[in-house]
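> Using only what follows, build the 3D model:
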Amino acid sequence: MEPNSPITLAVISGGLSLPSSTRLLADRLAEATSAHLADTGREVRVRLHELRPLATPIAHHLLSGFPSQALGDVLEEVGTADALIAVSPIFSASYSGLFKSFFDLLDPGALAGKPVLIGATGGTARHSLALEHALRPLFAYQRALVAPTAVFAASEDWGGAGDARTDSLPARIERAGGELAALTRSALANPRPADRPAVTPSALGFH
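As a prediction, the model looks like this:
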């Protein structure tokens, strides 16, 4: 990558409703990450894609093995982006089937070493552990470099101030955006050869 070329940030929103709190969280995470990347002096290009309009092409691709032009373009953007934000609604204690189906279509190794920030939305905070037992293992399996802070937004989090044990939603978004920006800067400065293990978050000072 050229030193002054834009930093590309792909954002996947798996929300199914209109309007979508999942899309809102994806937008907020992208804004926070972009703000933290501003000190690089390089343009940040955000490419946000909602999966809802791609539901039929995703199903057809799973059955036929061939993507539509629109779906193929999104898969390519995710694979070539410098970093990724992925947000899913939580149903029955896990990510949505549409969200999982999309990431099943990526080429093997497409996310290897790529900085990724995960987020999720749900009706109650009881669903928040899905980030750790469902989303994080999904991206760890794909050898992505997942930011330490995963952001869950329950209905009551929007406009809430958090509590003694939990930061407010804006504070969590801000922290997660800073972590993804730091991982992205490090990945851009130290491109990982295919045969070298990915850098772990702890190696970059995140614990």
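
> Helices along this protein, start to end?
Per DSSP state H, the chain carries helices over the ranges 21-37, 55-64, 69-80, 97-104, 130, 136-141, 169-189.

> Need those in TSV (columns: distance to L111).
In this view, the C-beta of every residue, glycine as well, is placed from N, C-alpha and C. Converted to TSV, the helices of the chain look like this (distance: least, CB to CB, whole Å):
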stretch	distance to L111
helix 21-37	17
helix 55-64	17
helix 69-80	8
helix 97-104	8
helix 130	19
helix 136-141	7
helix 169-189	12
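
> separation between the nearest residue to A112 once chain neighbours are set aside and P137?
The shortest distance from A112 to any non-neighbouring residue, by CB to CB, 6 or more residues apart in numbering, is to R143 (4.1 Å). Distance, R143 to P137, using CB to CB, to the nearest Å: 12 Å.

> Mind checking which of the two has more residues around it?
Set R143 next to P137 and count neighbours by other CB atoms under 10 Å: R143 wins out with 16 against 11.

> Thought G113 was touching the more buried one, still the case?
Yes. Counting by CB atoms under 8 Å, R143 touches G113, with 6.7 Å between them.

> shaky segments in this structure?
Across the chain, the ranges flagged by pLDDT under 70 are 1-3, 159-166, 192-207.

> Swap in 80 and give it another go.
Scanning the chain for pLDDT under 80 picks out 1-4, 124-127, 158-167, 191-207.

> then stretch 46-56 to PDB, C-alphas only?
What follows is stretch 46-56, C-alpha atoms only, in PDB (Å, rounded to 0.1, in the frame of the first residue of the first chain):
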ATOM      1  CA  VAL A  46     -15.900   3.600   5.000                       C
ATOM      2  CA  ARG A  47     -17.800   1.100   2.900                       C
ATOM      3  CA  LEU A  48     -21.000   0.100   4.800                       C
ATOM      4  CA  HIS A  49     -23.100  -2.800   3.600                       C
ATOM      5  CA  GLU A  50     -26.400  -4.000   5.000                       C
ATOM      6  CA  LEU A  51     -27.100  -7.700   4.500                       C
ATOM      7  CA  ARG A  52     -30.900  -7.400   4.300                       C
ATOM      8  CA  PRO A  53     -31.000  -6.500   0.600                       C
ATOM      9  CA  LEU A  54     -28.500  -9.300  -0.100                       C
ATOM     10  CA  ALA A  55     -30.500 -12.100   1.600                       C
ATOM     11  CA  THR A  56     -31.700 -13.700  -1.700                       C
END
